[in-house]
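Turn this into a model:
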Amino acid sequence: MKQIWIPRPGPPGVLEVREERDPLPERGQIRIRVEASGVNFADIMGRLGIYPDLPRMPCVPGYEVAGRIDAVGEEVGTDWIGRDVFALTRFGGYSDVVCTDEIRVFARPPDMTAAQAASLPVNYLTAYMLIEAMGSLHAGETVLVHSAGGGVGIAAVQLARRIGAHVIGTASASKHDFLASIGVDHAIDYRTEDFEKRVAEITYGRGVELALDAVGGSSFRKSFRALSPSGRLGMFGFSAAVRGKKRSRLALLRGALAMPWLRFNPLALMSQNKGVFGVNLGHLWDESPRVAAWMETLLGYQRLGAVKPVIAATFPFEEAAAAHEFIQDRRNTGKVLLIP
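Sure thing, here's the model as predicted:
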């Protein structure tokens, strides 16, 4: 099989394509011939050596794939063989052959391509947790979505619109027309505008009921201040720690120091009637039945047309470095995929 490895921390060019033996599915596992693998910002942080969950290098990153099943392990029905599916992986997704547990594998809808299916697991499950499972967004409320043109951002906008909420999204100005086309009511250019001030203007000083922030650092503090009474802040990343294509300990330190550690203490939260929560899908590996139920809900939304994965670009395995650069340069509007 063909795999993309991170041999050591570094810029995109450190990624290596290697040939390895095809894995055999263990008990309870399914083997997939991969047609598309999802690329996520966590993979980039892992390549830089600042993602704590990444296995010791050298390693193969990747959380999600889509393809066709060609083998199953013991205690798995052989009727799976030959079916088109998509799946969650606990790393190892940058491979053209993947084995994963049956409970993390989902039948691919007939009207969905492999690329669209590989765009679903990480982005849409994360957005579902932020918007519905934990964010408890309701019709008529307003949500602030940072990086609204990214994979999770687009998924969150689609779920918010399904509910009937109002959406404020941050993105560079070049993405604002696209954001309007998917239902964002107000777009803020985070490069030239103060999003906290703009949120206050848009909401007439009230603030938003829900803010989704993967930037971290001082952005968490400002998003928290932008909440209305009874508002919730959902944190799901720390992109402020990434500055440039190489690891920067200074950027990591600055981002950490800018975190609102004191503002999130219990007394402050109680006095302001605000809530703060975090989301990390990778830490729900032992909650697979619950995650599977969320995915079935999302597939129901897809059948109704409320969920429509948007693909920004695809890259062959040999151009994995270009895929990482594409995301780090903030050029993607939607999902970035690797194609074996």
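
okay, now the domains of this structure?
Domain assignment for the chain by automatic domain parsing gives 2-120+309-339, 123-281.

how about those domains in a markdown table, adding distance to Ala293 and mean neighbour count?
Backbone N, C-alpha and C define where each C-beta goes, glycine included. Shown next, in a markdown table, are those (distance: least, CB to CB, whole Å; neighbours: other CB atoms under 10 Å):
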| stretch | distance to Ala293 | mean neighbour count |
| --- | --- | --- |
| domain 2-120+309-339 | 11 | 19 |
| domain 123-281 | 10 | 19 |
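
rank those by mean pLDDT and give me the bottom one.
Ranked by mean pLDDT, these bottom out at domain 123-281, which scores a mean of 91.

who touches the top helix by length along the chain?
Among the segments of the chain that qualify as a helix by DSSP state H, the longest is helix 288-304. The contact list for helix 288-304 (CB atoms under 8 Å, 6 or more residues apart in numbering) reads 88, 101, 103-104, 106, 109, 112, 120-121, 124-125, 128-129, 133, 159, 162, 281, 284, 307-308.

how about 10 Å then?
Here helix 288-304 makes contact (CB atoms under 10 Å, 6 or more residues apart in numbering) with 86, 88, 101-109, 111-112, 116-117, 120-121, 124-125, 127-129, 132-133, 155, 158-159, 162, 281, 284-285, 287, 306-309.

Checking the most centrally placed residue in the chain next. Helix, strand or coil?
The centre of the chain sits closest to Asn123, judged by CA atoms, centre = their mean, with a distance of 3.7 Å. What DSSP: H, G, I helix; E, B strand; the rest coil gives for Asn123 is helix.

show me the contacts for it.
38, 40, 64, 150-156, 281, 309-310, 334-335.

between those residues, which is closest to Ile188?
Among these, Gly153 lies closest to Ile188 (CB to CB), at 12.4 Å.

what's the nearest residue to that closest one if we skip its chain neighbours?
Using CB to CB, 6 or more residues apart in numbering and skipping residues adjacent in sequence, the residue nearest Gly153 is Ser147, 4.7 Å away.

measure that neighbour to Glu35 for me?
27 Å (CB to CB, to the nearest Å).

same deal with Met235?
33 Å.

again with Gly216
33 Å.

Helices of the stretch 151-300 of the chain, start to end?
Using DSSP state H, counting those that start in this stretch, the helices of the stretch 151-300 of the chain run over 151-163, 176-181, 195-202, 218-225, 249-257, 266-272, 288-304.

related to what we said a few turns ago, dump the domains of the chain to TSV, plus distance to Ala292.
Listed next are the domains of the chain as TSV, based on distance: least, CB to CB, whole Å:
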stretch	distance to Ala292
domain 2-120+309-339	6
domain 123-281	10
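
Ignoring the adjacent residues along the chain, who's closest to the residue nearest to the centre of the chain?
Gly151 (4.0 Å).

which residues does that neighbour contact?
Neighbours of Gly151 in contact, by CB under 10 Å, 6+ apart: 38-41, 119-120, 122-124, 126-127, 309-312, 327, 332-336.

taking those one by one, which sit in helices?
Using DSSP H, the contacts of Gly151 in helices are 41, 122-124, 126-127, 327.

Any idea what Val72 is bridged to?
Ile30 (DSSP bridges).

Show the contacting residues for it.
25, 28-31, 78-81, 99, 102, 105.

same check, this time on Arg232
Applying CB under 10 Å, 6+ apart, the residues near Arg232 are 130, 134-137, 143, 208-212, 224, 274-277.

One more pass at 7 Å, please.
Listed by CB atoms under 7 Å, 6 or more residues apart in numbering, the contact set of Arg232 reads 135, 210, 275, 277.
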